[in-house]
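K.L.:
pasting the structure only:
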Ligand SMILES: [Zn+2]
């Protein structure tokens, strides 16, 4: 029987190396093919494994605030280069590139919007702008929005996504840790709540300052949250960390977080916490507070901005 004695044909199955096809994405976590539309409708979380992909600041604001309510403040503040810093590239040129890429002046958006009808001061760090790093202007904008919350008696929500302090500004950037922390201490003295949202990744000076100071600290699932990243630790101690060691779930187990909340449930959760934590008389007063004609604020069309930056 010649048929059975024949050696098996050697078929080579070539694995595709492409990570995305027209309209499809190969999930970096579960390696399944996911349609981009489906991903978008699922708040940019993988419908197969629930991996939370990074989203833009505008998508984040759309998810958290009531439609048509977000007004940006302090948008004109732009970073300087007081140290004339240069590594492989000048700081000035890095800023120019980031500004061109994001069409924004700095790595944080600050303003006021309503969350389930409750006016709230909001700050969202922009990872697309130099890795969401905190320079003097990022620190200043966050401090200004916290101070605005104090004068208007509003709760504060800050969403972090950052590589840490901006090394090109050296000590000036590190000073922002103290400045933002001091502003939050004042907020706390006024009995106004601060809710900190940690998303992937929240690291360095951000974790070591305002991100860890929330009355409630919420993280998205499987977000990397740490001071020194896994690579730095491995190089220092010469040992590999367990894969889940710096992820949200591990930190929750060890008492560093209050809860891990899926992206689609975040707005509800934040709104519940604000209602619990705001003094009752302020809650009623603020509900009547109009967001219109806010001094120096500009209404942002989130839909328009999302379309501009969509992939
Ligand atoms: Zn997946």
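P.N.:
That came through fine. Just so we're clear, the structure is a prediction, and the values are computed from it rather than from any experiment.
K.L.:
need the contact list for the residue of the stretch 201-311 of the chain found nearest the ion.
P.N.:
Residue nearest to the ion within the stretch 201-311 of the chain (CB to the ion): residue 222, separated by 11.0 Å. For glycine as for every other residue, the C-beta is placed from the backbone atoms N, C-alpha and C. Contacts here follow CB atoms under 8 Å, 6 or more residues apart in numbering; on that basis residue 222 touches 51-52, 200, 247-249.
K.L.:
can you do 10 Å?
P.N.:
Shown in contact with residue 222 (CB atoms under 10 Å, 6 or more residues apart in numbering): 29, 49-52, 200, 244, 247-250, 260.
K.L.:
need the strands for this protein, in chain order.
P.N.:
20-21, 24-26, 33-35, 71-73, 108-115, 118-125, 156-162, 194-202, 216-219, 259-260, 298-299 (DSSP state E).
K.L.:
burial count for the residue nearest to residue 95 when sequence neighbours are not counted?
P.N.:
Distances taken as CB to CB, 6 or more residues apart in numbering put residue 79 closest to residue 95, at 5.5 Å, once the chain neighbours are dropped. For residue 79, the number of neighbouring residues by other CB atoms under 10 Å comes to 24.
K.L.:
distance check, residue 79 against the ion.
P.N.:
Look at residue 79 and the ion: by CB to the ion, to the nearest Å, they are 36 Å apart.
K.L.:
surely that residue and residue 91 touch.
P.N.:
Yes. Using CB atoms under 10 Å, residue 79 is in contact with residue 91, at 8.4 Å.
K.L.:
list the residues that contact both of these two?
P.N.:
130, 135, 166, 168-169.
K.L.:
let me have those in a markdown table, extended by neighbour count and distance to the ion.
P.N.:
Converted to a markdown table, those look like this (neighbours: other CB atoms under 10 Å; distance: CB to the ion, whole Å):
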| residue | neighbour count | distance to the ion |
| --- | --- | --- |
| 130 | 25 | 28 |
| 135 | 24 | 34 |
| 166 | 30 | 32 |
| 168 | 22 | 35 |
| 169 | 25 | 37 |
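K.L.:
dump the residues you listed into a markdown table; add pLDDT as well.
P.N.:
Output for these, formatted as a markdown table (pLDDT from 0 to 100):
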| residue | pLDDT |
| --- | --- |
| 130 | 97 |
| 135 | 97 |
| 166 | 96 |
| 168 | 96 |
| 169 | 96 |
